[in-house]
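1. I would like the atomic coordinates for the input below:
(chains A and B)
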Amino acid sequence: AQSVAQPEDQVNVAEGNPLTVKCTYSVSGNPYLFWYVQYPNRGLQFLLKYITGDNLVKGSYGFEAEFNKSQTSFHLKKPSALVSDSALYFCAVRAPYNTDKLIFGTGTRLQVFP
Amino acid sequence: GAVVSQHPSRVICKSGTSVKIECRSLDFQATTMFWYRQFPKKSLMLMATSNEGSKATYEQGVEKDKFLINHASLTLSTLTVTSAHPEDSSFYICSARLGAQSSYEQYFGPGTRLTVT
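-> I've put the predicted structure just below:
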């Protein structure tokens, strides 16, 4: 069965420092991977996706993620964190033969301190 | 582009009453919409997949008679929580898929906070 794991409930980082939010996945076949961000009392906003192609995917707001097939990971990164990046981040996976469902990780709260 | 709205943004109702939540795709047609429920500090739980012009597909454990879903047009899906009880209080989020030719990402509405007293 497809699954996604976000091992960290919370990540704390100082403004200006690089940040990484971890995600590992387990799927049959090639994965379609996504990152979403959620601000308080809001829906999710799409950040980026990996379907095929370059392992390094660039997305919105300066975020990027690296697909690593051997480690089954899709970690979210940003070279220089902003206080405004503080939010809840979700990794999600969709198996290619299931055209509808997204399976979400449990979320990681990113706190960027000034 | 790809904006999804939800109405209302928050609603308080009394136990035993029914509440309808609307999900609209504002600038695109969505043959498929999804309804999620999010508990505090928890991930999203897919409740059902709503297909335009056909019956919704419910996830295991979701009561279809309690959570009525209607997808009457390509831009509107509704979720009706019937005979609501305090345990139904939650944050309900809808999403819409851009279409079969897209890269499968879903676009999410801003969510509806339901409080049942």
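2. just the helices in chain A please.
-> Here chain A has no helices by DSSP state H.
3. Get me the contact residues on it for chain B.
-> A:32, A:34, A:36, A:41-46, A:49, A:51, A:90, A:94, A:99-102, A:104-107 (Cβ under 8 Å from any Cβ of the partner chain). To be clear about C-beta, it is placed using only N, CA and C from the backbone, and glycine gets the same treatment.
4. Just the terminal-to-terminal distance for stretch B:27-45.
-> 26 Å (Cα to Cα, to the nearest Å).
5. how far does it sit from the chain's center?
-> Remark: stretch B:27-45 is offset 6 Å from the chain centroid, using Cα atoms, centre = their mean, to the nearest Å.
6. can you tell if that stretch touches chain A?
-> Yes: on the criterion Cβ under 8 Å from any Cβ, stretch B:27-45 is in touch with chain A at B:T32, B:F34, B:K41, B:K42, B:S43, B:L44.
7. In the residues you listed, find the pair that's most separated.
-> Greatest spatial distance among the residues of stretch B:27-45 next to chain A (Cβ to Cβ): B:T32 and B:K41, at 28.2 Å.
8. Report the buried members of the residues of chain A next to chain B.
-> A:32, A:34, A:36, A:42-46, A:49, A:51, A:90, A:94, A:101-102, A:104-107 (16 or more other Cβ atoms under 10 Å in any protein chain shown).
9. For the residue most central in space within chain B, which residues are in contact?
-> Taking Cα atoms, centre = their mean, the centroid of chain B lies closest to B:W35, which sits 3.4 Å from it. Neighbour list for B:W35: B:C23, B:L46, B:M47, B:A48, B:S50, B:F67, B:I69, B:S77, B:L79, B:Y92, B:I93, B:C94 [criterion: Cβ atoms under 8 Å, 6 or more residues apart in numbering or on different chains].
10. now, which of those lie within strands?
-> Secondary structure defined by DSSP state E assigns B:C23, B:L46, B:M47, B:A48, B:S50, B:F67, B:I69, B:S77, B:L79, B:Y92, B:I93, B:C94 of the contacts of B:W35 to strands.
11. Out of those, which is nearest to chain A?
-> Chain A lies nearest to B:I93 out of these, by Cβ to the nearest Cβ, at 5.1 Å.
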